[in-house]
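Colleague: Sharing a model prediction with you, sequence too.
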Amino acid sequence: MGTSLTRAAQWAASDSGGGQLESSPMNDTLLNEILRFVENFSSQNPQEAEVVFEEPLQWSTTLAPSDFTADYDIRESDVESQEKDDEGCPLLRLSPPTVCVRNFSQLSKLACVANEKKLQEVQACVEENRKPLVKILGPNIAALHKAAKADRGKEQQQSKDADVKVKLLRLLQHADKQILRKLMKEISEKVELNPTAVKKEVEFLKNICSTGENRLLKLVRYTSDYEFPNGCRAPLWRQLEGEMFYLVIEPYDTETLYITCSNTGVFFNMGIKPEGDEIAYERTGDVFKDLVSLLKSKSQVFAENIDSQEFREPPPPRAPKPHVELVDAQTQLSLKTSRWKDLRLSGEADEKKNGKDADEKNDGSKNKANFSEASFAEQLSSLKNKASRQAADLFSETSSESNESYEEEEQPVRRQRNTDQPSDYWQIQKLVKYLRAGDQTATLLTLYALMDYDLKQETYHLAMQDSGGLKVLTNILHLEEVNLQLGSLGILREISHNAQTRRAIVDNGGLRSIVNVLDSRNKDVKALAAETIANLTSFRRARRTVRNYNGISKLTKLLDCSADLANVDPRHEKDVEVARFGVLALWSCSKSPKNKEAIRKAGGIPLLGRLLKSPQMNMLIPVVGILQNCASEESCKAAIQTEGMIKDLVQNLSIDNDELRIHCANVIFQCAENKQTRTAVNEHRGLPALVSLLSKTDNKQLMAATTGAIWKCSLSSENLDVFQDSKVLETLIGLLTNQPEQVLVNVVGALAEFAQRPANKITIRKCGGLKPLVRLLIGRNEALLVNVTRVVEACATDLDNMAIIQELDGIRWVWSLLKNPSPDVQSSAAWALCPCIENAKEAGEMVSSLMGGMELVIDLLKSSDDKVLASMCAVVAKIAKDKYNLAVLTDYEVVSLLAKLTDKPNDLLRCHLAQAIAQCCTWRNNKAAFGEAGVVPPLAHYLKSQDMKVRHSTVLALHQLSKEPNNCVIMHGEGVVKPLIHFMGSDDEKIRNAAADCVRNIRVLFPGQARAKKSAPKSPNQH
Amino acid sequence: MSKRLIQNLTKAIYKHVDHFNQTEVECLIREFYNLLGQPTSSGKSDNNLDERKFKAILKNDFGLTNDTLMERVFRMFDKDNDGFVSVKEWVEGLCVFLRGSLDEKIKYCFQVYDLSGDEYISREEMLLMTRNCLRLHGEEDPFDGIKDLVEITLKRMDHDNDDRLSFDDYEKSVKELNIVLEAFGTCLPSATRIEAFEQRVFQDKSDRR
């Protein structure tokens, strides 16, 4: 562990004294790796595990004697292992708080004993034994090390003990390397390009194209002059993909280059113009780590001259001095070794040469030398730079000194390729070469040979990717040769099961060719192409590409096969088969929202409706799968409805295939928000089918889909009747326990619909539904919480139910949901609180006993969501019925908060706001306060509302406010008397009385108003 | 050529072909004489297609290119081996050529590829047929590549391991993977060519009516 500990570990204190390990992710990885090594050591290397350490590893442990099992001798506070060394000393001794361990097998056992504290123990051990190798193998490691190297060639002559030790040393060194490699990988993954680094490089390039004789480039410019605050120039939606700039560079010897700089590297694009379309952003060619290497690959002149230019004196005479230096430093950095990396690896290499930790002092001084070698400035800039450089950069440009480790780090995959199956790999590469050079016959024979390999084999994919075979295969599709197309597609179909290959095919623009052959006259070609597309479109970019090349409409065309799917004419069998693959491809494509719309626009929904009549399972399932995906779009829902597919979907529910049922029920679930759909389900006897599926409790997906469909279907009251007849309510209550959230959301949603009927509230109580419901209030799933609170809201209107909810402490739970960040949950919880407060026993005391409850309500009156505000106003109106609580609310300035809401346009909010104002007026001088806050004019305006409820609650509010003379003055001024007189003829007695009393208050106070005017100084003409 | 004569010919030939109806046979006969040029009654050579003319048809109408194979196709048509394709041979040959079933085509292709007529396709025959099909860049010898490909193909198709392809080997391979029907060079017209030819020849007839 020598190097990884001394080099890689991040010690908290910089001095090498008894420091502690920082808690950083890297250290965590390090400790975990060491632990894994120790745990597996004794099982993998039993012989070496028995080697007794020269000095015991000793650290203070948190383990107690009680942690040890019977395998140990436990006396009082001490523990000793039963295994002893030659002198009879125990190999493990614990005298709290210190533990001494003397070989690896004991270490492994200790790790088992320590259980969860494993990592803690490893950390303590590492912290207190800073030179574990010296302790384990003794101070003469150097000698051992030499032996380790020497004995490779020579015959073994050493004593057996030393021999085992040498093996142990090698094992440790090996583990050391492994750990370092892993850490290196972690570091390198974090490193990526940033705008600043790229900008500097662009500046540098601009510089060389401006200098007269040394000009290597004609032009370097950004495509956009606008720079975002974060330094990028790419449009925002491209920045999401990590792209930062687009450049146009004109070298002398090649055509104009269009380049994308993203945080993963630089690459060519398809020519982005300011008004370019989406395809232009596609990557063509390899990703490079920086612009210089990209240009080198493209421009011969640039490649030949840039290196000489780099290391010459900074040439540009016109450029200002400091700028030049900056640029120069930058380029040097980009081309020379990263010192940061160098420090690490050269240190390691030194150690390897000199026998590891044996000469610690030497090593320390060497390290110092290393630091002084590199100038301070260089170190600083390299450290700054490390974040901006790509992983590959770090590895590919290390100095020769650390070349060895560079290969270990960068090349393992490649080396594996070459050594493991070299013959196949090269054979395939050779075949790809024939593929490029052959005529029709040779190509056919080559494809035939290529098909003979195991197409799942990793080597095959690597060879295909490396040799550009994928590109050749897709190019073959452009030839009008059916046999070649079939051969190529046959291979593409198989290899597109591999994720990496899929991406490579799409990156190489292969999808375009494959989409194009969908127009082929040969049905086999069409089917194979569609199947390949189905495989390829497992990721988003591929699906988008298919759409961009008009693939969706081409695929949709394939669906048009036979008019009568139930009895297919033998002549059309092939067409049906082609359609089946088209359906598979569309199923995969329909995961993207825009593709759903594209399928509909291409007229896919009616065709799917036709295919829905097919008796073939392998056709039906993907068809319904597409419908399920599409049903999330409103337009598609309507199309599904108008095509009359509900009938077929309902019929499919009774086919004994659960996958099919899941998809069907899901389509119904999504579409049944539409009333016509619900009716259609009922008409085709779908409801009993759904109910019967409720018994399939072991298939959770099916349960979720079925309960979802039941939920949405129960929105219609005639459907509800059907469900009631078959005792669905009781079944649903039974499902409240032991179901996953996915199912619970729908079950509870359905319950909320059932609970709208008073009789059902009693059933819910009698079947013991309230207890599990209240328990669900503790969850985190938003949709579930919304539905549960809806049920609670409905149930709380029944006094017996309310008593039980109160007993279960339900109000407190609902109230605490106001803390939930989701506005939906907040408002739904608030609505549930209203009947709770109204019907709870000793509601006033109950509310005031909830710690912080009022503050929550007051806080949410500041919400920006109208739904939430409306529900909170309703809650305020209920709370304010209790005098004491109203006083508290008043203290929290409820008056001004409510007054602020009066200008919101939402009718629901206005209705409840007026109620809240009416209720709050009853406390002391709140009436006057409301008037001063200016609520009267907007309320007067509410009287003209279209919504009757708004008008009625406004009348009540105005009535309360009119008890304050000043308000009456304003009301009179706003002309409320006339509409109020109209309300005096209302059917509702309460409204009638309130309106009449309000008008009376205004009338009675009219002399007062005159008096008020008289006292005003600026109205002398009243005399 | 008199109408009567053609009708008699049609009747006689129609009995021997499966894939054409009587009208189509008649059209093909007309086409045959069309291709022949001015009909004269003297001499055998004038009433039959010679190899040169036939190859030109293969090249222009059916898109075949490989000289070796075109000669083989001519031999396939020329059933009686007299160096000419008679009108009967023409219709019968086209029957497989244009509309043959898979089995018929397998038989046909195998006979085309079996250059020596010994019921086997040997390695040498394969090499002969494919000798020009690879153009490698640089200094590599394309013939090495072809040998390589032929070796791989032979190994894969040779099911009975006798180092040559019997009809059974070939048939089995094609049934496994149809695309290798024309493994050693194109000897059948492509679907588009067939369609164009049929349209031209059969359409003509209806126009004339």
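Modeller: Sure, I can see it.

Colleague: how close does residue A:548 get to residue A:243?
Modeller: Residue A:548 sits at a distance of 18 Å from residue A:243 (criterion: Cβ to Cβ, to the nearest Å). No exception for glycine: its C-beta is placed from N, CA and C like everyone else's.

Colleague: Looking at the two, which is more packed in?
Modeller: Here residue A:548 and residue A:243 are compared on neighbour count by other Cβ atoms under 10 Å in any protein chain shown; more neighbours surround residue A:243, at 23 against 17.

Colleague: And residue A:95, its phi and psi?
Modeller: Phi and psi for residue A:95, reported as degrees, to the nearest 10, are phi -130, psi 100.

Colleague: what do you get for residue A:218?
Modeller: phi -80, psi -40.

Colleague: again with residue B:134
Modeller: Per-residue torsions, residue B:134: phi -130, psi 130 (degrees, to the nearest 10).

Colleague: Skipping adjacent residues, who's closest to it in space?
Modeller: Leaving aside its chain neighbours, residue B:134 sits nearest to residue B:142 (4.2 Å; criterion: Cβ to Cβ, 6 or more residues apart in numbering or on different chains).

Colleague: My read is that the one you found contacts residue B:148, right?
Modeller: No. Applying Cβ atoms under 8 Å, one finds residue B:142 not in contact with residue B:148, separated by 10.3 Å.

Colleague: re earlier: please report how far the residue nearest to residue B:134 lies from residue B:69.
Modeller: Residue B:142 sits 19 Å away from residue B:69, going by Cβ to Cβ.

Colleague: quick one, which of these two is more surrounded?
Modeller: The residue with the greater number of neighbours, taking residue B:142 and residue B:69 and applying other Cβ under 10 Å, is residue B:69; the counts read 22 against 18.

Colleague: what pLDDT does that one get?
Modeller: Reported pLDDT at residue B:69 in the predicted model: 90.

Colleague: just residue A:112 next, same as before
Modeller: At residue A:112 the predicted local confidence, pLDDT, stands at 75.

Colleague: Tell me which other helices or strands whichever strand or helix holds it touches.
Modeller: With secondary structure defined by DSSP states H and E, residue A:112 is part of helix A:104-114. Helix A:104-114 is packed against helix A:25-44, helix A:46-49, strand A:92-95, strand A:98-101, helix A:118-128, with contacts defined by 3 or more Cβ pairs under 8 Å, 6 or more residues apart in numbering or on different chains; DSSP states H and E.

Colleague: what are the ranges of the helices in chain B?
Modeller: Taking DSSP state H as the criterion, chain B contains helices spanning B:3-14, B:22-36, B:51-62, B:67-77, B:87-99, B:102-113, B:123-130, B:142-157, B:167-176, B:191-208.

Colleague: Deepest in the core, which of those is it.
Modeller: When neighbours are counted by mean count of other Cβ atoms under 10 Å in any protein chain shown, the highest per-stretch mean among the helices of chain B falls to helix B:87-99, a mean of 21.

Colleague: Which strands or helices does that one pack on?
Modeller: The helices and strands touching helix B:87-99, judged by 3+ Cβ pairs under 8 Å, 6+ apart, are helix B:3-14, helix B:22-36, helix B:67-77, helix B:102-113, helix B:191-208.

Colleague: Would you tell me which of the ones you listed gets closest to chain A?
Modeller: Ranking the helices and strands packed on helix B:87-99 by proximity to chain A (Cβ to the nearest Cβ) places helix B:191-208 first, at 6.6 Å.

Colleague: Figure out the helix or strand that the closest residue to residue A:714 other than its chain neighbours lives in.
Modeller: Nearest residue to residue A:714 in three dimensions, chain neighbours excluded: residue A:753, at 4.3 Å (Cβ to Cβ, 6+ apart). Assessed by DSSP H and E, residue A:753 sits inside helix A:741-754.

Colleague: same thing with residue A:221?
Modeller: Counting by DSSP H and E, the secondary-structure element that holds residue A:221 is strand A:217-222.

Colleague: and that strand, how far out from the chain's middle?
Modeller: 39 Å (Cα atoms, centre = their mean, to the nearest Å).

Colleague: re earlier: next up, the contacts around the residue nearest to residue A:714.
Modeller: If you count contacts by Cβ atoms under 8 Å, 6 or more residues apart in numbering or on different chains, residue A:753 has them with A:711, A:714-715, A:720.

Colleague: can you check residue A:424 too?
Modeller: Contacts were defined as Cβ under 8 Å, 6+ apart; by that measure residue A:424 touches A:453, A:457, A:459-460, A:463.

Colleague: Closest one of these to residue A:249?
Modeller: Top of the list for closeness to residue A:249, among those and by Cβ to Cβ, is residue A:463 at 33.1 Å.

Colleague: returning to that earlier point: could you tell me which residues within the helix holding residue A:112 count as buried?
Modeller: A:104-111, A:113-114 (16 or more other Cβ atoms under 10 Å in any protein chain shown).

Colleague: Write out the residues of chain B neighbouring chain A.
Modeller: With Cβ under 8 Å from any Cβ of the partner chain as the criterion, chain B meets chain A at residues B:66, B:129-130, B:132-137, B:142, B:145-146, B:148-150, B:152-153, B:156, B:177-186, B:190-192.

Colleague: go with 6 Å
Modeller: Chain B has residues B:130, B:133-136, B:145, B:149, B:152-153, B:156, B:179-180, B:185 near chain A, with proximity defined as Cβ under 6 Å from any Cβ of the partner chain.

Colleague: Confidence-wise, which of those residues comes last?
Modeller: residue B:136 (71).

Colleague: wait, it sits on residue A:435?
Modeller: No. The pair formed by residue B:136 and residue A:435 falls short of the contact definition of Cβ atoms under 6 Å, at 11.6 Å.

Colleague: The two: who's more crowded?
Modeller: In terms of neighbours (other Cβ under 10 Å), residue A:435 is the more surrounded of residue B:136 and residue A:435; the figures are 23 against 17.

Colleague: OK, contacts around the residue positioned nearest the centre of chain B?
Modeller: With distances taken as Cα atoms, centre = their mean, residue B:73 lies nearest the centre of chain B, 4.2 Å away. Contacts here follow Cβ atoms under 6 Å, 6 or more residues apart in numbering or on different chains; on that basis residue B:73 touches residue B:187.
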